[in-house]
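Colleague: Take a look and give me a structure for this.
(2 chains)
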Amino acid sequence: MTHTLHRKGTADDLSADYVMLCLRAAGINDSGSDAKLQEFLRIAMHHDPENIGSVKMNMYSHRPEEVIADAHGIAHAVFDDSQKVTQVLRELKEADLGLSVVVSGILDPVNECCQKAGLKRHTVEFSLGIWGKTEKLPSNDILEITTMCGHAMVSAKLVESMVEDIKKGIKSPDDAAKELTSHCCCGVFNPARATKLLAAMAGLEINT
Amino acid sequence: MRIDEDSCIACGLCVPYCPMGAISMDGIATIDQDECVDCGVCLRSKICPVDAFIYEPAPWPRSLRAIFSNPIIEHKETRVTGRGTEEMKTNDVTGRFKRGWVGIGIELGRPGIGTRFRDVDKVAQAMARLGAKFEPKNPATLLMKDVGAGKLKEDVLDEKVLSAIVECTFPIEKIKAALIALKEVARDVDTVFSVDCISVVEPDGSLPMDKILSELEIPRYINGKTNVGLGRPLAEGGN
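Modeller: Modelled structure (predicted):
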């Protein structure tokens, strides 16, 4: 389950895309883990996340309290800047939940977040990209959106369809991004980043 | 997944939702059953105004499609949802990847193309020839009839899934040969695969794979995953 790795993007737009995961090691520290995952999500909610998710629900398919109540095995939260990640890590260290925590994002800033929070990185996973019959892939701008759902629940054709709807004025980039976000049941899709990418694909400018 | 022919009103709204492009319009909406991976996106999206999608669990080996493609389903053997493996995410607790070893995850079919297990079999065998140690708590490993050879059971080979991960470890001195072999087998598969490598951070904070990848001229993404070491109890030898 490497569902938050392999997110394609430029340094600029990935700098507003950090996913935090909290999970139990099956068969080792399961006891009471669901309540600890709920606490992780509550801590995350204090720092204005772009999204949170259990496995079956995210913030755009259900209310946050429903997502928190559904936490089992693993929980996710998405943030748009590294300062929030640092603050959440500090609070998680203080809370001492005993569950594993992983941050997915640009590696150097994540290392800085760990240092500021008084943590030492344990293990790092690199993405070496996409190999094989790459001619089967959609264009890079579509991949920058679809790879935000590592389980491939957001189809390339749906992204194309949303871009067409934006161009025709049927949907705003924000509404289209929310629609795509709802299909990523884990809640690791970043709707704020998707809004910007969709607007760019449709030839619009977004004021931030 | 199937569509109730009597209910479908041929609106076509569902067509772009399918990650595999398996839904097309032929008078009414139809699903190419050979391409459908039973991921459930069409059903969960609730896009159908007349609820024409019907899912009934399939018998073996088609049952593998939903198990590997629908992230809501927990893999029974590993107790993990998604693609069914914890890999490095719990390494602070499990100690699955140890210093001096490198983990490789090869996710066939990702991103968004899908894979037959026939291609999973090819890649697993290529890694086995170099002495790969396959992760026992991984659903693709559990489909092997001969783990030493990386050979999957014959009856699963034609099944299609959104993705499946071949997950194994090598001593760090063997990792170059493994990545070179992976480059070669990449020419023989009919899909794409996303590759990752995992290593424990050295005591001085350095990442041992950086030098090796640079020597092989294999680029890596600037983004990746970091286990921050908060899990307890810490695995033996943990930082």
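Colleague: residue ranges with poor pLDDT in chain A?
Modeller: When residues are selected by pLDDT under 70, those of chain A lie in A:1, A:206-208.
Colleague: for the most centrally placed residue in it, what are its contacts?
Modeller: The structure's chain A has its C-alpha centroid closest to A:V188; by CA atoms, centre = their mean the separation is 3.0 Å. For A:V188, the residues meeting the contact criterion (CB atoms under 8 Å, 6 or more residues apart in numbering or on different chains) are A:H3, A:T4, A:V19, A:N51, A:G53, A:H76, A:V78, A:S104, A:M148, A:C149, A:G150. In short, each C-beta sits where N, CA and C put it, glycine included.
Colleague: Would you format those as JSON lines with distance to chain B included?
Modeller: What follows is the contacts of A:V188, written out as JSON lines (distance: CB to the nearest CB, whole Å):
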{"residue": "A:H3", "distance to chain B": "5"}
{"residue": "A:T4", "distance to chain B": "7"}
{"residue": "A:V19", "distance to chain B": "9"}
{"residue": "A:N51", "distance to chain B": "15"}
{"residue": "A:G53", "distance to chain B": "11"}
{"residue": "A:H76", "distance to chain B": "11"}
{"residue": "A:V78", "distance to chain B": "13"}
{"residue": "A:S104", "distance to chain B": "5"}
{"residue": "A:M148", "distance to chain B": "10"}
{"residue": "A:C149", "distance to chain B": "9"}
{"residue": "A:G150", "distance to chain B": "7"}
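Colleague: Put together TSV for these, with distance to B:V93 and neighbour count on each row.
Modeller: Conversion of the contacts of A:V188 to TSV gives the following (distance: CB to CB, whole Å; neighbours: other CB atoms under 10 Å in any protein chain shown):
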residue	distance to B:V93	neighbour count
A:H3	19	28
A:T4	19	28
A:V19	20	30
A:N51	26	25
A:G53	22	30
A:H76	18	31
A:V78	24	29
A:S104	18	28
A:M148	27	27
A:C149	26	27
A:G150	22	28
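Colleague: List phi and psi for the residue of chain A most remote from its centre.
Modeller: Relative to the centre of chain A, and counting by CA atoms, centre = their mean, the farthest-placed residue is A:K168 at 28.5 Å. According to degrees, to the nearest 10, the main-chain angles of A:K168 amount to phi -80, psi 0.
Colleague: gap between it and B:I172?
Modeller: If you measure A:K168 against B:I172 using CB to CB, to the nearest Å, the figure is 54 Å.
Colleague: and the longest strand along chain A, what other elements does it pack with?
Modeller: For chain A, the longest strand by residue count, based on DSSP state E, is strand A:123-132. When contacts are defined as 3 or more CB pairs under 8 Å, 6 or more residues apart in numbering or on different chains; DSSP states H and E, strand A:123-132 sits against helix B:175-185, strand B:192-200, helix B:209-216, strand B:223-227.
Colleague: could I get the ones you listed as a markdown table with distance to A:I142?
Modeller: Compiled in a markdown table, the helices and strands packed on strand A:123-132 are given as follows (distance: least, CB to CB, whole Å):
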| stretch | distance to A:I142 |
| --- | --- |
| helix B:175-185 | 26 |
| strand B:192-200 | 14 |
| helix B:209-216 | 27 |
| strand B:223-227 | 18 |
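Colleague: ranges for the strands of chain A?
Modeller: Shown for chain A, the strands assigned by DSSP E span residues A:18-23, A:51-53, A:74-79, A:100-106, A:123-132.
Colleague: neighbours of the closest residue to A:K171 other than its chain neighbours, just the number please.
Modeller: Once its chain neighbours are removed from consideration, A:K171 has its nearest residue in A:D165; the separation is 4.2 Å (CB to CB, 6 or more residues apart in numbering or on different chains). With neighbours defined by other CB atoms under 10 Å in any protein chain shown, the count for A:D165 comes to 18.
Colleague: Next up, the contacts around the nearest residue to A:E91 once chain neighbours are set aside.
Modeller: Once its chain neighbours are removed from consideration, A:E91 has its nearest residue in A:I43; the separation is 4.9 Å (CB to CB, 6+ apart). Under the criterion of CB under 8 Å, 6+ apart, the contact partners of A:I43 comprise A:V88, A:E91, A:L92, A:A95.
Colleague: By neighbour count, which of those residues wins?
Modeller: A:V88 (25 neighbours).
Colleague: quick one: it from A:F40, how far?
Modeller: A:V88 sits 9 Å away from A:F40, going by CB to CB.
Colleague: what touches both of those two?
Modeller: When CB under 8 Å, 6+ apart defines a contact, the residues bordering A:V88 and A:F40 alike are A:A77.
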